[in-house]
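S.K.: Okay, sequence plus prediction incoming.
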Amino acid sequence: MVIKTEPFVVNIGPAHPSTHGVFRMRATLDGEVVLDIEPVFGYLHRGIEKLAEERTYTQIIPLTDRLDYLASMSNNLAYVLAVEKLAGIAVPERAEYLRVIMAELQRIASHLIGVGAFLNDCGAFMTPILYMIREREKILDLFEMVCGQRLTYNYMRIGGVSHDIPEEFLPALKKFVDSMPGFIDEYDQLLKENEILLARSKGVGILSREQAINISASGPVLRASGVKWDIRKVDPYSIYDRFGFEVPTGSAGDCYDRYRVRVEEMRQSVRILKQAVEKLPAGEVRSEVSHLVRPPAGEAYGHIEAPRGELGFYLVSDNSIAPYRFHVRAPSLLNLTALREMVVGWKVADVLAIFGSIDICMGEADR
Amino acid sequence: MSLFDPGLNLSAYYPGTLPPEWPGGYWIHWGVFVVIILAFVLLMAMGFIWLERREVGRFQARLGPNRVGPFGVLQPVADAIKVLTKEDIIPAKGDKLVYWLAPVVAFVPVLMVFAVVPFQDGALLADLNIGILYVVAISSVSVVGVFMAGWSSNNKYSLLGAMRAVSQLVSYEIPLGLSILGVVVLAGSLSLNSIVEAQHIPFILLQPLGFLIYMAAAAAEINRTPFDLLEADSEIVAGFHTEYSGMKFALFYLVEYCEVLAVSVIVTTLFLAGWKGPLLPPLLWFLIKVFGVFTVIVWVRATVPRLRVDQVMAFAWKCLLPLALINLLITGIQVLVWPEVLPWAVVFLNLAIMVVLILLWSKFFKLGGGRVEV
Amino acid sequence: MTVALSGGEIAARLEERFPGSVVESGQDSLLVKSESLRAAAGFLKTAPGLEFDYLTAITGVDYYDYFEVVYQLTSIRHNHSLVVKARCYGRDNPALPSVVGLWKGADFQEREIYDLMGIRFEGHPNLKRIVLWDGFTGYPLRKDYL
Amino acid sequence: MKFERYGAGIAKGMVVTLKHLFRHPVTTQYPEERLTVSRRTRGNELIWDRERCTGCATCAKSCPQGAIRIVTSRGEENDYIVEEFRVDSGYCIFCGLCVESCPYEALFMGYGYERARYRRRELVLNKEELLTSEKKQPSGYARPKVEAALPPQTLLLDRDGVKK
Amino acid sequence: MEIEERAGLYIYSDTQLDKEEGERIEALKASSQQPLPDPDRWLDEELRRHILLTSVDAVLNWARRSSLWPVVCFPACCAFEFITTAASRFDISRFGMEVIRGSPRQADLMITAGTLTWKMAPQVRRIYDQMAEPKWVIAMGACAISGGIFASSYSVVPGYSRIIPVDVYVPGCPPRPEALLYGIKLMQDKIAKRSIITEV
Amino acid sequence: MGLVIAFWVLAVVGIAAALAVVLLRDIFRAALSLVLCFLAVAGIYVTLSADFLAAVQVLIYVGAISVLIILAIMLTREVKRGSPSGRLRVPALVVAILFLGTVVFALVNTSWRISSVSPLVPTTAAIGGSLFGEGGFILPVEIAAVLLLAAVVGAIVLVREK
Amino acid sequence: MAIGLEHYLVLSALLFSIGLYGAFAKRNAIAILMSIELMLNGVNIAMVAFSRYIVPLMLTGQVFAIFVMVVAAAETAVGLAIVITIYRERETIDATRINLLKW
């Protein structure tokens, strides 16, 4: 029974406990039911695209760190891939493997936060996210070992990576790879079958296959809707064609599927890591590239499968030391396009669960 | 018995802590006991605040407050002093009188619950013969305080929180009362002290389903997970007390823990045989059981997510209420058919009945979905 | 591997259907006349064998003389891609037809280009500033913005 | 969904949290216990070697935001004397590009991170404050020789097997 | 936190609301071109101080520094280092700080974790104004101190000190959790010496 | 003595709260006054040795009825308009005073047969007995149950979505 | 001064009259409902007082008071349901304007 009352407007965000940064939803509510919602962006618009036009190609790498600050390695990778495509630079084999290792570690770290934050938005009192952050800490330790920072790595370089790994890295990584599946199992046991979580997320916020494609969704959001589309498979970049892994997909396209797809992707990433650790060759990690890269005039679009979806960099060069135009195809922004269709008619609590299940990063959406 | 006419049946319960020939009669007993209860409630509430933070910390693989005093036990004291000395902000557009009164209205009933709780045999402020009914009645008053807070704050989150509070608390009062009735039927009395005395085996064994229903309903009444919708911070910031600061907020914060304490105490009394127990002194048993119940509540809080508002309501009406009615019916039949025979057989029977009922009911009961066409 | 379709072949098919719509075609891109952008995009989305159902990205580039808007199209069914470009002239009120009707994913991106580069998209249902605030003067991504 | 699992899922989850109650917490009690940071750590300070620096200003050029200010004057032997070398650590993002680009290995990332201050202006490091001292050690970022001498990093991974 | 006063005006997009917001932003931008001075007078006064704190002050300050409740203000990257600080490995709750209040009314400390844009600035200012006295601010990270890597951008506020007075600056991009904890320790030291200093 | 003080305090509070209910323009506050009035009445019951009834009064009137009323006030959003008195104010006042006068006159001039037996305590068992026991009010209880059911069904039907 | 039956009856009459005034004078339908609750409470006090002072060992008055409460609860539920329905249809709960039956 729903008693119709006078609709009223509530702002959820920008500084709301669970908007994952500074997103704002102008929601029209009728009691608890959402009648309409208008996403308001821009609270973290920092003008990265403009700033990049004033920096050299190498100096842009720190900027990309801060795009999707939960997946800095992936951003670095996408950017250097685009520049290498633009300038036609080859990358040593060992560097490719290191890149893959870093990108997959980053995917696990990012999904851990994504899943944890989603469970938090469903109302679990911090426990899952704290467990997940604990696992993420292990990954951050590895990153810190390699490049000295915990969040903004600035690790990839045009033509390779900045440093070779220290010798204690591989044993630690092996240990991590061995122990991680056990932890994923444990977290599955924690909440995968929890009746309350199922009630909160199954059938909630359904994004159909057609809708998902039409709004240019990507990443786990697209795959949860049943589209088997993973850039690592359909357009293999770097050396992803050398690894065997599955692309998990959902069927219903609801919040629960998005959550499950992320968890399964973590398992697949562990699988890739295992193979990469075994095959890692010796050799150089950086090809000889001038410090000031001057790509020939032209344009290039490099894209990777970042944790949140297809992350693309569109670069236009005019043969100077700085890009003429630098555009980021941000998965977070596009995945939000369907937010309105997904939440209308649901309750306020569902809005946040749905929003959490899309797992966005405002640094990337607003740029 | 009237509250203003002490002396009827109180004397029967005097062998407990206080000597019967106390000078001044019952007024002194009252005065002393009120002070004792106040001290007990405040101390226990602070202890609970500390314990919850420590326990949640350990559940989450971290430590929790440990730097203020030994093991951080002074943490709630520091919190209290700090909160009390913070600036008191009153929203400009709100209803100031109501805003001011709300924490008081919420706090007083919770405190009054402890008047009838037996800390050990006969050690209680007033052994009302309507004891448990009094508890249920009085605790339903604090909803009004919550509502006053949400209304007078002139904030939409507060109002949403208050609306949720009212619908939720009113709904869960029914299964709560019905689950208590099972115990009352077994004990044959409403007085809490008599209920404790009637428990030769703890009623949790005779009333397992009633216990579960009571725990669920009580968790909803005191806004604990998974029913903590009123102050769901991921949804409506801090719920009805979003606009409160300083001392008034401290009162609401205290109310929260006093309510948990009240529920722990009442569960202990109704289902866990109160102060009864071998070897240890009764008061110690009482405290151990209260802390045990509280730990379970914290444990649940550390594990489960929260339900949605309509699911909470559906759970009360479609699941708890029928189960509570069936439970009451079965209890009544048992009391009529086997008065005081073979309690242990009844224990196993009731456990079996509980399992069967839950399995059966799960077939009918559905949660999830819930989209509204707009 | 996503196949980048040859711009020339598709340009020929487009020309056949809508004569005069293609200005030039590159290796994996084609430049469409701004008036026929909407029709060409509709054709690309539905034509059998092409079926670009997925709009990967839109972006605008300021070349001083004109603005170029770049559409990265992908077909999930056939796993091939194409880059479509359109130009609009004039710095005061450049305009292009909107493709939101075809790909809803263009919604926020077109708004962003409008916000940061000042290109109007005719037919967009809710064309207003997205990341900057009302009252911000200038279009930051234009090359003459300081 | 049906309420079909009869609370078994909740029970499973509660077992997991209960297990954690008896596990050793992973907490590091920071001011007393310290983690050994990575040997390559990019701490929140820069360290400058007065002897090696030739004043070529490559670092300043490679800095993405111009946080390094170098003023030099011509010395007697046709070399540069560094008059002023200033880094605003409240503006620097510690990306390490300057250290990587320094051709004379005269600039290091700091190993320490306790740089919080009450005043904005105290964050600006001038020539003297940039020198290495008791409290300020260089880190091994892009400096393999320094790296080899530093203690190995504490890893959370190593605490996995530890029982309470 | 923001609640609009008017109801029923909403359609898919409310241009009136946007316009008002834009005006607020422009007004704030115009009025905060210079950074606010650091509230650091107490540092000088401490040097020539010879009066001891009264015991009431001591108790009050002890309570205040032992239970600093942060408010939710997590614009960007640093937020995740703050969350990590709050998480199991560094565990801010040891200092009694894990009570992260969604409502600014009940919070004492604002940890400004991330880049502040002009669009966000009125909201942050509002949160700060809503906090009850006494209140403190820790500027965490380069963006919060000076705008950091984005300082030259057209939409970024070069440092929170333009908007609100900052008590402690924690450099780093982002600072490690230990660095933030060190900043919190400085904050506690400052609170411990309150009372003789006049409020700044 | 305690009883006398209690009666007067409760009576004054109850009357004042009742007056507030009918005189306040702010309907939310009027509803809160109603809660206070109910509580005072519950206190009056206690002074009449009807402790079970007092608890029931708090449970039903305070816990359920007034909360429902407050909820209805929220839902109808009539608060801004307030709760003004209508055209009938003066006639209503006259009628009320006339009625009050008549009743007070009647009850003062009646000689009540006051029983000197001290009241029955505890009342719970006795009430239970007279409700469900032999020769009790079991038929009215059944009828009340039917009435409640009808009311619940009626209320649901009334506010159901079309 | 001892408290007798008359005191309670006067109190009850006062409550009833106040409720009566409110029920006639108020325009807000919810306020009218609240006034009716006041009247019922007044009646209850009278019944309990009679029971206490005239037949102290029989609890007939209290039992009746319980029935009155049952009726009051039912009445409130239905009354509020009507009020909400009317509000939904006509956007007002002003009793002087709810005159549907007149025409």
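M.R.: Good, I have the coordinates. Predicted, not measured: the structure shown is a model, and the values here were computed from it.
S.K.: distance of B:I180 from C:E24?
M.R.: Distance from B:I180 to C:E24, counting by C-beta to C-beta, to the nearest Å: 83 Å. No exception for glycine: its C-beta is placed from N, CA and C like everyone else's.
S.K.: For stretch C:109-120, output the C-alpha coordinates as CSV.
M.R.: Extracted in CSV, the C-alpha atoms of stretch C:109-120 (Å, rounded to 0.1, in the frame of the first residue of the first chain):
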residue,chain,number,x,y,z
GLN,C,109,29.2,13.4,-23.8
GLU,C,110,27.4,15.8,-26.0
ARG,C,111,26.5,17.9,-23.0
GLU,C,112,30.2,17.9,-22.0
ILE,C,113,31.3,19.0,-25.4
TYR,C,114,28.7,21.7,-25.3
ASP,C,115,29.9,22.8,-21.9
LEU,C,116,33.6,22.7,-22.5
MET,C,117,33.8,23.6,-26.2
GLY,C,118,30.6,25.4,-26.9
ILE,C,119,29.3,23.3,-29.8
ARG,C,120,25.5,23.1,-29.8
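S.K.: which residues are contacting the helix or strand where D:S73 lies?
M.R.: If you go by DSSP states H and E, D:S73 is part of strand D:68-74. Strand D:68-74 is contacted by residues D:55, D:57, D:59-60, D:80-87, D:92, D:98 when judged by C-beta atoms under 8 Å, 6 or more residues apart in numbering or on different chains.
S.K.: Show me how to select, in PyMOL, the buried members of those residues.
M.R.: For the buried members of those, the matching PyMOL selection, counting by 16 or more other C-beta atoms under 10 Å in any protein chain shown, is:
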select buried, chain D and resi 55+57+59+60+80+82+85+87+92+98
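S.K.: Is there proximity between the longest helix seen in chain G and chain B?
M.R.: In chain G, assigned by DSSP state H, the helix with the most residues is helix G:60-90. No - using C-beta under 8 Å from any C-beta of the partner chain, helix G:60-90 stays clear of chain B, with a minimum separation of 11.7 Å.
S.K.: tell me what that helix is packed against?
M.R.: If you count contacts as 3 or more C-beta pairs under 8 Å, 6 or more residues apart in numbering or on different chains; DSSP states H and E, helix G:60-90 packs onto helix F:51-57, helix F:66-76, helix F:124-132, helix F:138-159, helix G:29-54.
S.K.: could I get the third one in PDB with only the CA atoms?
M.R.: These are the backbone C-alpha positions of helix F:124-132, laid out as PDB (Å, rounded to 0.1, in the frame of the first residue of the first chain):
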ATOM      1  CA  THR F 124      -5.000  -8.000  35.900                       C
ATOM      2  CA  ALA F 125      -6.200 -11.400  36.800                       C
ATOM      3  CA  ALA F 126      -9.600 -10.000  37.800                       C
ATOM      4  CA  ILE F 127     -10.000  -8.200  34.500                       C
ATOM      5  CA  GLY F 128      -9.000 -11.300  32.600                       C
ATOM      6  CA  GLY F 129     -11.400 -13.300  34.600                       C
ATOM      7  CA  SER F 130     -14.300 -11.000  33.900                       C
ATOM      8  CA  LEU F 131     -13.400 -10.700  30.200                       C
ATOM      9  CA  PHE F 132     -13.000 -14.400  29.500                       C
END
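S.K.: Can that helix be said to contact chain B?
M.R.: Yes - residues of helix F:124-132 are located near chain B by C-beta under 8 Å from any C-beta, namely F:T124.
S.K.: just the longest one next, same as before
M.R.: No - under the criterion of C-beta under 8 Å from any C-beta, helix G:29-54 makes no contact with chain B; the nearest approach is 10.8 Å.
S.K.: Spell out whether that helix and chain A are in contact.
M.R.: No - Helix G:29-54 is not in contact with chain A by C-beta under 8 Å from any C-beta; minimum separation 14.6 Å.
S.K.: circling back to that earlier point, tell me which of B:I180 and C:E24 has more neighbours.
M.R.: Neighbour count, other C-beta atoms under 10 Å in any protein chain shown: between B:I180 and C:E24, B:I180 has more, with 27 against 12.
S.K.: pretty sure that one is in a helix, no?
M.R.: Yes - counting by DSSP: H, G, I helix; E, B strand; the rest coil, B:I180 is found in a helix.
S.K.: tell me the contacts of it?
M.R.: B:132, B:136, B:210, B:214, B:270.
S.K.: Surely the second one touches F:V56?
M.R.: Going back to what we said before, that points to B:V136. No - between B:V136 and F:V56 there is no contact under C-beta atoms under 8 Å: 10.3 Å.
S.K.: what about chain F, any weak spots by pLDDT?
M.R.: For chain F, applying pLDDT under 70 flags the ranges F:1, F:77-86, F:161-162.
S.K.: Quick check: residues of it near chain C?
M.R.: Counting by C-beta under 8 Å from any C-beta, no position of chain F is adjacent to chain C.
S.K.: same check, this time on chain E
M.R.: E:12-13, E:15, E:18-19, E:21-23, E:25-26, E:118-119, E:154-155.
S.K.: Kindly recompute the last result at 6 Å.
M.R.: With C-beta under 6 Å from any C-beta of the partner chain as the criterion, chain E comes near chain C at residues E:13, E:18-19, E:22, E:25-26, E:119, E:154.
S.K.: quick one, what contacts the most centrally placed residue in chain B?
M.R.: Nearest to the mean C-alpha position of chain B, by C-alpha atoms, centre = their mean, lies B:V263 at 2.2 Å. The contact partners of B:V263, by C-beta atoms under 6 Å, 6 or more residues apart in numbering or on different chains, come to B:218, B:222.
S.K.: Pretty sure it sits in a strand.
M.R.: No - read with three-state DSSP, B:V263 is helix and lies in no strand.
S.K.: Against chain C, how distant is the residue nearest to A:F183 when sequence neighbours are not counted?
M.R.: Among residues not flanking A:F183 along the chain, A:E135 sits closest, at 5.5 Å (C-beta to C-beta, 6 or more residues apart in numbering or on different chains). According to C-beta to the nearest C-beta, to the nearest Å, A:E135 and chain C sit 32 Å apart.
S.K.: about what we covered before: any idea of the mean pLDDT for the strand holding D:S73?
M.R.: Strand D:68-74 shows a mean pLDDT of 83.
S.K.: Note down every partner strand of it and its orientation.
M.R.: Next to strand D:68-74 in the sheet, as set by DSSP bridges, lie strand D:80-88 (antiparallel).
S.K.: Outside of the partner strand itself, list whatever touches it.
M.R.: With contact meaning C-beta under 6 Å, 6+ apart, strand D:80-88 is reached by D:46, D:48, D:53, D:55, D:67-73, D:75, D:124-127.
S.K.: now swap in stretch E:92-99 and tell me
M.R.: The contact list for stretch E:92-99 (C-beta under 6 Å, 6+ apart) reads B:57, B:63-67, B:75, E:66-69, E:85-86.
S.K.: Which one of the residues you listed is nearest to B:V309?
M.R.: Distance to B:V309 across the contacts of stretch E:92-99 (C-beta to C-beta) is lowest for E:W69, with 27.0 Å.
S.K.: Make sure the closest one is actually in contact with E:M110.
M.R.: No - counting by C-beta atoms under 6 Å, E:W69 does not reach E:M110; the two are 10.5 Å apart.
S.K.: so which of the contacts of stretch E:92-99 is the most crowded?
M.R.: The most crowded member of those, judged by other C-beta under 10 Å, is B:P65 (29 neighbours).
S.K.: Can you tell me the element that one falls in?
M.R.: Following DSSP H and E, one finds B:P65 outside all helices and strands.
S.K.: which residue sits closest to it, ignoring its sequence neighbours?
M.R.: Nearest in space to B:P65, with sequence neighbours left out and distances taken as C-beta to C-beta, 6+ apart, is B:G72 at 3.6 Å.
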